[in-house]
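In: just coords:
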């Protein structure tokens, strides 16, 4: 949590956990600043280099492009492959184009459910390649679907 304060003690090692949730592939650099909250001075600065690669796409759905003024609703099937009930969180690489009816799904063992997609008119009117990530509660990608519009 970037807003949570912590104490840095002299001659000690402080572990700082970062959460990186890429929405596209490639290399990126981020600056992380440690600020003395009392004096409002940067006391440490780190550059974090990240590399994100495309996960394996398990299925691609072809959706024809259409001109529309209202959102388009689509369903894609998902099956929990595990022997126990699991919670899955949904994300996509273009949240301005796709929303989910539910961002979190609790799916019983081996059960199949539909992932409800709400595609914006902009998504439907142009060629787009959109990735839908089905993540576990720790945000590890369990499955990835692609939507090819156009």
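Out: Ah, there it is. Treat the numbers as computed from the prediction; the structure is a model and nothing was measured.
In: from here on, just use CA atoms for contacts and neighbour counts.
Out: Noted.
In: show the pLDDT at residue 115.
Out: Among the per-residue scores, residue 115 holds a pLDDT of 98.
In: wait, is it part of a helix?
Out: No: going by DSSP: H, G, I helix; E, B strand; the rest coil, the assignment for residue 115 is strand, not a helix.
In: surely it touches residue 88?
Out: No: using Cα atoms under 8 Å, residue 115 is not in contact with residue 88, being 10.8 Å away.
In: same drill for those two, tell me which one is more crowded.
Out: residue 88 (23 against 20; other Cα atoms under 10 Å).
In: surely the more buried one is within a strand?
Out: Yes: judged by three-state DSSP, residue 88 forms part of a strand.
In: quick one: it from residue 59, how far?
Out: 18 Å (Cα to Cα, to the nearest Å).
In: strands along this protein, start to end?
Out: Across the chain, reading from the start of the chain, the strands by DSSP state E fall at 26-36, 41-52, 59-63, 72-79, 86-92, 98-100, 104-107, 112-119, 128-135, 141-149.
In: which positions in the fourth one come out as buried?
Out: Neighbour-count burial for strand 72-79, with 16 or more other Cα atoms under 10 Å as criterion, is recorded at residue 78.
In: who's in contact with that strand?
Out: Surrounding strand 72-79, the residues in contact under the criterion Cα atoms under 8 Å, 6 or more residues apart in numbering are 107, 110-121, 124.
In: which pair of those spans the longest distance?
Out: Using Cα to Cα, the two most remote members of the contacts of strand 72-79 are 110 and 121, lying 34.0 Å apart.
In: sketch out the low-pLDDT regions of the protein for me.
Out: Scanning the chain for pLDDT under 70 picks out 1-3.
In: and the residue nearest the centre of it, how far from residue 83?
Out: In the chain, the centroid-proximal residue (Cα atoms, centre = their mean) is residue 91; its distance is 4.1 Å. Computed as Cα to Cα, the residue 91 to residue 83 distance reads 24 Å.
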